[in-house]
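Novice: how would this look folded up:
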Amino acid sequence: MRALEFIAENGAGKISKRNQNATVGLHKFRDKNLADRVYELNRIMMATAATDGTFVPTIDNESWAGRYDVAAPYTKEEHNMLLMAYKAAGSNFKDLNKGDLHSQEHPGVNVTSPVTAFRGYPR
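Specialist: Numbers count the residues shown, from 1 in each chain. Presented below is the predicted three-dimensional model:
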């Protein structure tokens, strides 16, 4: 690594001719609001996986969580801990399950074992 590569940045850098010649298919992109590079990268890579390059895939601009962080407490204690943490950090939050921590399997999920009992082992 050369010193040029780790000296404090004082403006937008330019790719050197040597590096440009050593790369192929180099793209730069950002979201329209110039907001969240990691989220935009995730959405672009998901859209890339959904196409073979001959059509524009239909995707949502944002997932249901969007640019929000997501926490999923399993117990009432964890739920209460998060409520106190939101207050401490001054975070805005929305409880999508309205405090309900009881999950249910989808009706299509097989809840019985496909393994038959044998040699004294119950199912």
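Novice: Could I get the pLDDT score of the closest residue to R37 other than its chain neighbours?
Specialist: Of all residues not flanking R37 in the chain, R30 sits nearest, at 6.7 Å (CB to CB, 6 or more residues apart in numbering). (Glycine included, C-beta is placed from N, CA and C.) Looking at R30, its pLDDT is 84.
Novice: Helix, strand or coil: sort out R30 for me.
Specialist: coil (DSSP: H, G, I helix; E, B strand; the rest coil).
Novice: My guess is it contacts E40. True?
Specialist: Yes. Counting by CB atoms under 8 Å, E40 is a contact partner of R30 at 6.4 Å.
Novice: the more surrounded of these two?
Specialist: Legend: neighbour count by other CB atoms under 10 Å for R30 and E40, higher for E40 (17 against 11).
Novice: residue boundaries of the helices in the chain?
Specialist: Counting by DSSP state H, the chain has helices at residues 17-22, 37-49, 76-89.
Novice: could I get those helices as a markdown table with mean pLDDT and distance to S113?
Specialist: Converted to a markdown table, those look like this (pLDDT from 0 to 100; distance: least, CB to CB, whole Å):
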| stretch | mean pLDDT | distance to S113 |
| --- | --- | --- |
| helix 17-22 | 87 | 56 |
| helix 37-49 | 89 | 34 |
| helix 76-89 | 93 | 30 |
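Novice: so which of the ones you listed gets nearest G66?
Specialist: With CB to CB as the criterion, G66 lies closest to helix 37-49 of those, at 8.2 Å.
Novice: what does that closest one contact?
Specialist: Contact with helix 37-49 is made by 29-31, 57, 59, 61-62, 67, as judged by CB atoms under 8 Å, 6 or more residues apart in numbering.
Novice: Please repeat the previous calculation with a cut-off of 6 Å.
Specialist: Residues from elsewhere that reach helix 37-49, judged by CB atoms under 6 Å, 6 or more residues apart in numbering: 31, 57, 59, 67.
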